[in-house]
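Trainee: Fold the stuff below for me.
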Amino acid sequence: MGNVTTVQEFILEEFPAIQHLGKILFMVHLLAYLASTIGNALIVTITCADSRLHTPMYFFLSTFSFVECGVVSAIIPKFPVIFPLGKQTISFPSCFIQTFVFLFLGAACFFLIAVMSLDRYVAICKPLHYPTIMNLKTCFLLVTACFALAFPLISGLVVKVSQLSFCGPHVIPHFFCDLSPLIHLSCSDTRSVEMLAFVLTSFILLTSLLITLIAYSNIIVTILRFPSAREKQKAFSTCSSHLIVLSLMYGSCVFIYVKRKQMNRLDSNREAALVNTVVTPLLNPVIYTLRNKKVHRALRETMCGMKISR
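Mentor: Modelled structure (predicted):
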């Protein structure tokens with residue numbers, strides 16, 4: 001028999017234990033969405049507007065912030081209906097489109113993290129060759145490669161899951177359409193799809209993590225050889241924000257996706273996904289700009305310019 005799907009729509013169910021806090025959660029996530037979007041958009045705007053920030057490091061950072069805006073916009077705008085009402089219906093095609101957009105942009109983020117690690121490696125370990133290696137053409141090629149690699153991996157996986165049979169139930173125990181709960185709802189034999197999901201997500205996460213670890217291992221060795229304590233502190237400060245962000249991202253995503261049995265621990269996945277989709281994008285602008293003097297200066301001058309123009 002071929003795959004048969006009778007489900008036309010899914011019901012997204014948020015956190016059943018705290019449904020009585022729907023209005024409060026709605027306001028919290030609305031504010032988080034606005035803050036995250038404005039913060040990341042501000043990084044992109046400042047980087048484009050200030051010529052002093054037209055460097056590979058800020059080019060990659062602005063691209064990363066732009067992708068983060070896409071990630072939160074694919075998920076959080078659904079919350080105003082989910083949290084006050086406790087559930088929300090979403091059509092079968094819309095659910096898989098949301099899954100694809102979230103996973104595609106998420107995979108691109110991890111590849112961008114690896115590229116940003118390589119950029120820091122070249123800047124610190126090979127400073128004399130940095131302008132030659134990290135030229136404009138190379139930066140564009142690296143960013144394009146991140147999206148070009150993520151697209152076939154994620155599209156193939158999502159198409160494979162969409163071809164499973166869904167004959168009920170149709171309640172997704174999650175606040176958005178994600179891979180694990182969709183596989184869990186299928187009435188097909190999902191062993192091959194679970195294996196494919198495990199292999200692809202492991203490849204994306206562990207490959208980018210391996211590149212990042214190798215890059216930062218060399219960076220640490222190089223920094224420790226610096227003769228001056230001031231030089232060491234300056235080099236470490238340029239990498240600290242990047243390390244904090246990748247720790248948050250890898251920690252939550254490895255917990256969610258890198259396991260063979262996708263149906264296990266869906267409740268725990270929901271909490272980890274909340275960190276990945278709300279907390280991390282909200283903190284990224286703060287982490288990346290908190291100790292960045294160039295961004296502080298550019299933001300201050302931009303604000304002063306706006307006041308003068310008025």
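Trainee: mind listing what's buried in the helix or strand harbouring Glu68?
Mentor: In the assignment (DSSP states H and E), Glu68 maps to helix 56-75. When burial is assessed from 16 or more other CB atoms under 10 Å, helix 56-75 yields the following buried residues: 56-72, 74-75. All C-beta atoms are positioned from the backbone trio N, CA, C, and that covers glycine.
Trainee: and the residue sitting nearest the centre point of the chain, what pLDDT?
Mentor: Central residue of the chain (CA atoms, centre = their mean): Gly106, 4.2 Å from the mean position. On pLDDT, Gly106 comes in at 88.
Trainee: hang on, it packs against Val71?
Mentor: Yes: the pair Gly106 / Val71 is scored as a contact, 6.3 Å apart, by CB atoms under 8 Å.
Trainee: returning to what we had before: other residues contacting the helix holding Glu68?
Mentor: The contact list for helix 56-75, computed with CB atoms under 8 Å, 6 or more residues apart in numbering, reads 33, 36-37, 40-41, 43-44, 47-48, 98, 101-102, 105-106, 108-109, 112-113, 115-116, 119-120, 123, 134, 138-139, 142-143, 175-176, 277-278, 281, 284-285, 288, 294.
Trainee: Please enumerate the helices of the protein.
Mentor: In the chain, the helices defined using DSSP state H lie at 22-49, 56-75, 79-85, 92-125, 130-133, 136-162, 179-185, 191-224, 229-257, 266-274, 280-290, 293-309.
Trainee: do you know which of the ones you listed lies nearest Phe10?
Mentor: helix 92-125 (5.2 Å; CB to CB).
Trainee: what distance separates the closest one from the middle of the whole chain?
Mentor: 6 Å (CA atoms, centre = their mean, to the nearest Å).
Trainee: Then stretch 131-147?
Mentor: Taking CA atoms, centre = their mean, one finds the center of stretch 131-147 at 20 Å from the center of the full chain.
Trainee: List the buried residues for that stretch?
Mentor: So, applying 16+ other CB under 10 Å, buried residues of stretch 131-147: Met134, Cys139, Leu142, Val143, Cys146, Phe147.
Trainee: Also stretch 213-221?
Mentor: Residues of stretch 213-221 classed as buried by neighbour count (16+ other CB under 10 Å): Ala215, Tyr216, Asn218, Ile219.
Trainee: would you turn these into CSV with distance to Phe203?
Mentor: Formatted as CSV, these follow (distance: CB to CB, whole Å):
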residue, distance to Phe203
Ala215, 18
Tyr216, 20
Asn218, 23
Ile219, 24
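Trainee: Can you pick out the most distant pair from those residues?
Mentor: Across those, the longest distance by CB to CB is 7.3 Å; it joins Tyr216 and Asn218.
Trainee: What separation do you get for Phe236 and Thr212?
Mentor: Relative to Thr212, Phe236 is positioned 16 Å away (CB to CB, to the nearest Å).
Trainee: out of those two, which sits in the more crowded spot?
Mentor: Shown here are Phe236 and Thr212; by other CB atoms under 10 Å, Thr212 has more neighbours (23 against 15).
Trainee: The more buried one reaches Ser117, doesn't it?
Mentor: Yes: the criterion here is CB under 8 Å, and Thr212 meets it with Ser117 at 4.2 Å.
Trainee: tell me, what's touching those two both at once?
Mentor: Common neighbours of Thr212 and Ser117 (criterion: CB under 8 Å, 6+ apart): Leu246.
Trainee: just to revisit the earlier point, any shared contact partners between Tyr216 and Asn218?
Mentor: Listed as contacting both Tyr216 and Asn218 by CB under 8 Å, 6+ apart are Tyr121.
Trainee: Ala123 is in contact with Tyr130, correct?
Mentor: Yes: the criterion here is CB under 8 Å, and Tyr130 meets it with Ala123 at 5.2 Å.
Trainee: Mind checking which of these two has more residues around it?
Mentor: Between Tyr130 and Ala123, Ala123 has the larger neighbour count (other CB under 10 Å), namely 20 against 17.
Trainee: Lovely, talk soon.
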